[in-house]
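Trainee: Predicted coordinates and the sequence they were generated for:
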Amino acid sequence: MCGFLEGDRHDARHRVHQRAPVGRRAPSRSGRRVGPVLDGGRLRGWRVDRHRVGRTAQGPSSRLGPPRAPGVRRSRGDTRARRRRGHRTRRVAADDGRSGRRLPSAAGARHRHRDRRRRDHRRQHRRRPPRRPLRALSHRDPSGGAARGRRRLRRVRAAARRPGPRVAADRRPPRSADVTELELVVVAVDDRIPDVRAVTLARADGGPLPPYPAGSHLVVECGHVLNAYSLTGDGLAPTSYSISVLLCPNGSGGSTWLHRELRVGDTVLARGPRSAFAPVLRAGRHLLVAAGIGITPMVSHLRSARRWGREVELLYVHRPGRGAHVVDVETLGDDAAIFTDRDSFTAALIRALANQPMGTHLYLCGPTSFMDDVTSRAVDLGWPASRVHVEHFGTDAFDPGEPFDVHLSVTGDTFTVESGVSLLTALLERGVDVPNLCRRGVCGECRVTVGAGEILHRDLFLTDDEKASGDSLMCCVSRAAGARVELAL
């Protein structure tokens, strides 16, 4: 292509800056933003226009010199594509009369590098749809757009609602037996410890029993009451259940029935094992502290720790001559200490609480006053509440309470709960199916939503904030503080 003179280039550049085409943006001499101008009836936005030149004049009288030679004319879309790619060009008039050629400038190279960096950044940090199957289908489908994704989502949902083929009754898999109610036979009784009876229960045919985690309890029907007792086995593939029951003459009568009425060969009804005191598997170490009959769930913890190789330490205090499972503790606990003196136990407890490594969890079981004292010492030494686990055997004896009316908002029934009768018993007598387990305000199974009325909370399950809110109660032990209460039943 023919060359051109520097003077011609200078003149062409000078003429470019002097030109102000009608209906287009005027070129900016300094590269600053140029205000919007009218272009075919449309207002065009603000734009930097340092290197671009308006369209070549259509007539021979144009200041830019001779008109462009006829040929293929670039479409507006092609021009805009070049702008998006960061091209900045200059139009220079040629001395041979032909149309000018486009020369990339240094500024255009910088823009291209900048656009490439932006594009790479968008690719690395672009938002991706979540990995949930149905939610992902609701996003835009890259192959067919949002409409195709919505159609696919509708097909998936329709297939999920479509019933499958029916299977003949003789070809269906057999259902598992209902183990919520177990009929067990007393196979052994041990009365060597005063006021403590160890009872072993098994199936009549000697078959396997449901497994359970360490720290579980078994609900036994003791005459006319249901009581929960801690299991002392490790819970892995058991063929028998072992419980230890302390005689409580002032209790509900369940322990008295087990001590005086139950004999070897008798049949009892029980509910499947439940756990609210299982060991925390992520704990690095387990510190067990028990007093009196509170050793029963700890024996289960020791057996499970021995089987699975967990690191455990036990502190056990009891009155002289009344320690339960002492032989089991000495056999199972490599790091177990048994005390009959309260002062020696307290000194060992403080040392154990102060010298535990990070990740240790504390487990307590015994009388309520004993557990409150140990808990306060642990909190004073910096133990977080999430690492202190407590197993209650039940609430102390309460006064029979005053009668109160109960209104069921769902069924519309209204009845009166007499003095000395629990709310749970009154609900069950009227055919209201309320889940329940321990009946001592410990497990939280009989929690009922309260619609209106003041509550006298006497359970050990709800927190202080939950009791203050007054929106639920444990119907096995709690009662109405006023004359009427409304339940969402």
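Mentor: Great, that's in hand.

Trainee: Please report the distance of the closest residue to residue 339 other than its chain neighbours from residue 225.
Mentor: If the residues on either side of it in the chain are set aside, residue 339 comes closest to residue 345, at 3.9 Å by Cβ to Cβ, 6 or more residues apart in numbering. C-beta coordinates here come from the backbone N, C-alpha and C atoms, glycine included. Plainly put, residue 345 is 33 Å away from residue 225 if you go by Cβ to Cβ, to the nearest Å.

Trainee: Of the two, give the one with the bigger neighbour count.
Mentor: Using other Cβ atoms under 10 Å as the criterion, residue 345 and residue 225 rank with residue 345 on top: 19 against 14.

Trainee: OK, contacts around the more buried one?
Mentor: 315, 317, 339 (Cβ atoms under 8 Å, 6 or more residues apart in numbering).

Trainee: re the thing from before, model confidence score at the residue nearest to residue 339, please.
Mentor: Here, the pLDDT recorded for residue 345 equals 96.

Trainee: and if you look at residue 206?
Mentor: pLDDT, read off for residue 206, is 91.

Trainee: before we move on, what about the one 10 residues further on?
Mentor: Here the pLDDT value assigned to residue 216 is 92.

Trainee: now do residue 378
Mentor: 95.

Trainee: And residue 191, by the same measure?
Mentor: pLDDT for residue 191: 93.

Trainee: ok, now which ones touch it?
Mentor: Residues near residue 191 by Cβ under 8 Å, 6+ apart: 197, 198.

Trainee: gap between the two ends of stretch 447-458?
Mentor: 13 Å (Cα to Cα, to the nearest Å).

Trainee: Tell me which residues of it come out buried.
Mentor: By 16 or more other Cβ atoms under 10 Å, the buried positions in stretch 447-458 come out as 447, 448, 450, 453, 455, 456, 457, 458.

Trainee: remind me, longest helix of this protein?
Mentor: In the chain, taking DSSP state H as the definition, the longest helix is helix 106-125.

Trainee: for it, what is the average pLDDT?
Mentor: pLDDT averaged over helix 106-125 gives 74.

Trainee: hang on, the earlier thing: CSV for the contacts of residue 345, including secondary structure, neighbour count and distance to residue 366?
Mentor: Listed next are these as CSV, based on DSSP: H, G, I helix; E, B strand; the rest coil; neighbours: other Cβ atoms under 10 Å; distance: Cβ to Cβ, whole Å:
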residue, secondary structure, neighbour count, distance to residue 366
315, strand, 23, 11
317, strand, 24, 8
339, strand, 18, 13
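
Trainee: Show me which of these is closest to residue 478.
Mentor: In terms of Cβ to Cβ, no member of the contacts of residue 345 lies closer to residue 478 than residue 317, at 31.7 Å.

Trainee: Could you list the buried residues of the strand or helix carrying residue 346?
Mentor: Using DSSP states H and E, residue 346 falls within helix 342-354. The neighbour-count check on helix 342-354 (16+ other Cβ under 10 Å) flags 345, 349, 352, 353 as buried.

Trainee: I figured the third one hits residue 287, correct?
Mentor: Yes - applying Cβ atoms under 8 Å as the test, residue 352 and residue 287 come out as touching, 6.2 Å apart.

Trainee: where do the contact lists of the two overlap?
Mentor: Residues touching both residue 352 and residue 287 (Cβ under 8 Å, 6+ apart): 313, 315.

Trainee: And residue 305, how close does it get to residue 234?
Mentor: Per Cβ to Cβ, residue 305 is found 9 Å from residue 234.

Trainee: Residue 458 too?
Mentor: From residue 458 across to residue 234, the span is 34 Å (Cβ to Cβ).

Trainee: same question, residue 121
Mentor: Counting by Cβ to Cβ, the gap from residue 121 to residue 234 is 58 Å.

Trainee: Who has more neighbours out of these two?
Mentor: Using other Cβ under 10 Å, the more surrounded residue of residue 121 and residue 234 is residue 234, with 22 against 10.

Trainee: secondary structure element for the more buried one?
Mentor: Residue 234 belongs to no helix or strand, assigned by DSSP H and E.

Trainee: where in the stretch 201-350 of the chain is pLDDT low?
Mentor: Scanning the stretch 201-350 of the chain with the threshold set as pLDDT under 70 gives 251-252.

Trainee: For the residue lying closest to residue 283 once chain neighbours are set aside, give me its contacts.
Mentor: Using Cβ to Cβ, 6+ apart and skipping the chain neighbours, the partner closest in space to residue 283 is residue 361 (4.1 Å). If a contact means Cβ under 8 Å, 6+ apart, then residue 361 has 279, 280, 283, 285, 286, 287, 387, 388, 389 as its contacts.

Trainee: tell me which element the last one is part of?
Mentor: Counting by DSSP H and E, the secondary-structure element that holds residue 389 is strand 388-391.

Trainee: what does that strand rub up against?
Mentor: Residues contacting strand 388-391 (Cβ under 8 Å, 6+ apart): 215, 230, 276-277, 280, 294, 297, 361-365, 371, 375, 378-379.

Trainee: Same check on stretch 302-311?
Mentor: So stretch 302-311 is contacted by 213-214, 232-236, 279, 284-286, 288, 312, 314, 328-329, 332-333, 336 (Cβ under 8 Å, 6+ apart).

Trainee: Cross-reference those residues with the strands and report the matches.
Mentor: Of the contacts of stretch 302-311, the ones assigned to strands by DSSP state E are 285, 286, 288, 312, 314, 336.

Trainee: Nearest to residue 117 among those residues?
Mentor: The closest of those, once distances to residue 117 are taken by Cβ to Cβ, is residue 285, at 52.7 Å.

Trainee: give me the beta-bridge partners of the closest one?
Mentor: For residue 285, the beta-bridge partners under DSSP bridges are residue 360.

Trainee: now the helices: where do they sit in the stretch 201-350 of the chain?
Mentor: Taking DSSP state H, counting those that start in this stretch to define them, one finds helices in the stretch 201-350 of the chain at 254-260, 295-308, 326-332, 342-354.

Trainee: is it possible to export these to a markdown table including distance to residue 219?
Mentor: As requested, the helices of the stretch 201-350 of the chain are arranged in a markdown table below (distance: least, Cβ to Cβ, whole Å):
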| stretch | distance to residue 219 |
| --- | --- |
| helix 254-260 | 10 |
| helix 295-308 | 15 |
| helix 326-332 | 23 |
| helix 342-354 | 32 |
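
Trainee: domain assignment for this protein?
Mentor: 1-30+46-56+76-119, 181-275, 285-391, 404-487 (automatic domain parsing).

Trainee: so what's residue 183 bridging to?
Mentor: residue 269.

Trainee: how much space between residue 213 and residue 279?
Mentor: From residue 213 across to residue 279, the span is 8 Å (Cβ to Cβ).

Trainee: what's the span of stretch 308-317 from first residue to last?
Mentor: This stretch, stretch 308-317, spans 26 Å end to end (Cα to Cα).
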